[in-house]
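Student: got a structure for you, letters missing:
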């Protein structure tokens, strides 16, 4: 029991994921600033921002559902902690997998977006409700190609068990080396961009249009939890891509650890480049994009995986 709590709360769970996630947000802000010919924040800035919010007062809007409003950010944070813990434990010990753990991870990754919708709707603010509505449409848009891309991995490996997927790549090479795997990886990378709420899919929090959307009424510690959840997703989602498409994580050698860091940095760089080189698109454009070319690419990859198997 104590060992399980250590995994969830320290390494590889909450503290480790939060630290690396906040460090990744600093990389994001620093690279974005340099692209825009700015200096960028110091290394400690993301940590200082969270600590500052934790020390501020929490305001609850008049007429809002207090329990729902305050519990929404905690639900999203708990889901990310569980996903990160599962991914790392399954990479460390592939024999610790259980039937359908990939499906469990898939469903847990929906919860942070649901938490944003619930929190925005509970705040009784029209801008927050609009942001929640946009988030709902975005989730409905990107979940279709996402589940097809995951089905491609399942079709190629013949398993819904993460340990088997990692073991398959150890024998046959990275999933990315095949055409179907590369297509599924591209689809998942675009979905990760949307799950993070990054440009061009940041319509739910579009500051220039609806101020902060779903997060408009949040302040103090609840806002800090939402920000921390997003930072942790910036680490957890690339780890999922590495596990599914790039051979997993080798934690038993220095070379394996350096190889994982390189893979993570490459994916993080791709996410930042997409974010900094594209304008925000409207929610109807996002839906058409994910239900159109992205879904088509996912379907082609799935068909190739089935034919190849």
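Tutor: That came through, no problem. Quick caveat, the model's predicted, so the values are computed rather than measured.
Student: Now do the SS call for residue 59.
Tutor: Using DSSP: H, G, I helix; E, B strand; the rest coil, the structure places residue 59 in coil.
Student: OK, contacts around it?
Tutor: Taking C-beta atoms under 8 Å, 6 or more residues apart in numbering, we find residue 59 in contact with 217, 219, 220. Every C-beta, even on glycine, is put in place using the N, C-alpha and C of the backbone.
Student: Recalculate using a threshold of 10 Å.
Tutor: Contact analysis of residue 59 by C-beta atoms under 10 Å, 6 or more residues apart in numbering lists 217, 218, 219, 220, 222, 223.
Student: Now it, what are its backbone angles?
Tutor: Main-chain torsions, residue 59, degrees, to the nearest 10: phi -100, psi 130.
Student: Quick check: it vs residue 220, distance?
Tutor: According to C-beta to C-beta, to the nearest Å, residue 59 and residue 220 sit 7 Å apart.
Student: who touches stretch 176-186?
Tutor: 145-146, 148-153, 155-156, 169, 172-175, 241-242, 244-247, 263, 267, 270, 294, 296-309.
Student: got the buried residues for stretch 280-300?
Tutor: Within stretch 280-300, the residues scored as buried using 16 or more other C-beta atoms under 10 Å are 280-281, 283, 286-287, 289-290, 294-295, 297-300.
Student: should've said stretch 90-98
Tutor: Neighbour-count burial for stretch 90-98 [16+ other C-beta under 10 Å]: 90, 91, 94, 97.
Student: coming back round to it: looking at the buried residues of stretch 280-300, spot the one nearest residue 140.
Tutor: Proximity of the buried residues of stretch 280-300 to residue 140 (C-beta to C-beta) peaks at residue 287, which lies at 7.5 Å.
Student: For that closest one, which residues are in contact?
Tutor: By C-beta under 10 Å, 6+ apart, the neighbours of residue 287 are 137, 138, 140, 141, 142, 281.
Student: what about 7 Å?
Tutor: Counting by C-beta atoms under 7 Å, 6 or more residues apart in numbering, residue 287 makes contact with 137, 141.
Student: helix or strand for it, which one?
Tutor: Taking DSSP states H and E as the definition, residue 287 sits inside helix 283-289.
Student: after that helix comes which helix or strand?
Tutor: Next along from helix 283-289, by DSSP H and E: helix 295-308.
Student: from memory residue 60 sits against residue 66, does it?
Tutor: Yes - between residue 60 and residue 66 there is a contact under C-beta atoms under 7 Å: 5.6 Å.
Student: For the two, work out which one has more neighbours and name it.
Tutor: residue 60 (16 against 10; other C-beta atoms under 10 Å).
Student: shaky segments in the chain?
Tutor: Residues of the chain meeting the criterion pLDDT under 70: 1.
Student: which residues of it fall in helices?
Tutor: For the chain, the helices defined by DSSP state H cover 2-9, 14-35, 45-54, 66-92, 101-108, 111-122, 126-157, 162-172, 179-195, 207-210, 220-245, 254-276, 283-289, 295-308.
Student: Distance to residue 201 added to these, as a markdown table?
Tutor: Listed next are the helices of the chain as a markdown table, based on distance: least, C-beta to C-beta, whole Å:
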| stretch | distance to residue 201 |
| --- | --- |
| helix 2-9 | 30 |
| helix 14-35 | 15 |
| helix 45-54 | 21 |
| helix 66-92 | 17 |
| helix 101-108 | 19 |
| helix 111-122 | 11 |
| helix 126-157 | 6 |
| helix 162-172 | 26 |
| helix 179-195 | 4 |
| helix 207-210 | 14 |
| helix 220-245 | 13 |
| helix 254-276 | 9 |
| helix 283-289 | 6 |
| helix 295-308 | 15 |
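Student: got the contact list for residue 7?
Tutor: Taking C-beta under 7 Å, 6+ apart, one finds 13, 85, 89 in contact with residue 7.
Student: which residue sits closest to the second one in space, ignoring its chain neighbours?
Tutor: Spelled out, it's residue 85. residue 13 (4.3 Å; C-beta to C-beta, 6 or more residues apart in numbering).
Student: residues contacting the one you found?
Tutor: 7, 81, 84, 85.
Student: which one of those is nearest residue 191?
Tutor: residue 84 (17.6 Å).
Student: you'd agree that closest one is up against residue 12?
Tutor: Yes - the pair formed by residue 84 and residue 12 meets the contact definition of C-beta under 7 Å, at 6.2 Å.
Student: Looking at the two, which one has more neighbours?
Tutor: For residue 84 versus residue 12, the count of surrounding residues by other C-beta under 10 Å is larger for residue 84: 27 against 22.
Student: which phi and psi does residue 65 have?
Tutor: phi -80, psi 110.
Student: Quick check: nearest residue in space to it, chain neighbours excluded?
Tutor: residue 122 (4.6 Å).
Student: what about the nearest residue to residue 74 once chain neighbours are set aside, how many residues close to it?
Tutor: Excluding its sequence neighbours, the residue lying closest to residue 74 (C-beta to C-beta, 6+ apart) is residue 225, at 6.3 Å. Residue 225 has 22 neighbours, counted by other C-beta under 10 Å.
Student: Great, nothing more from me.
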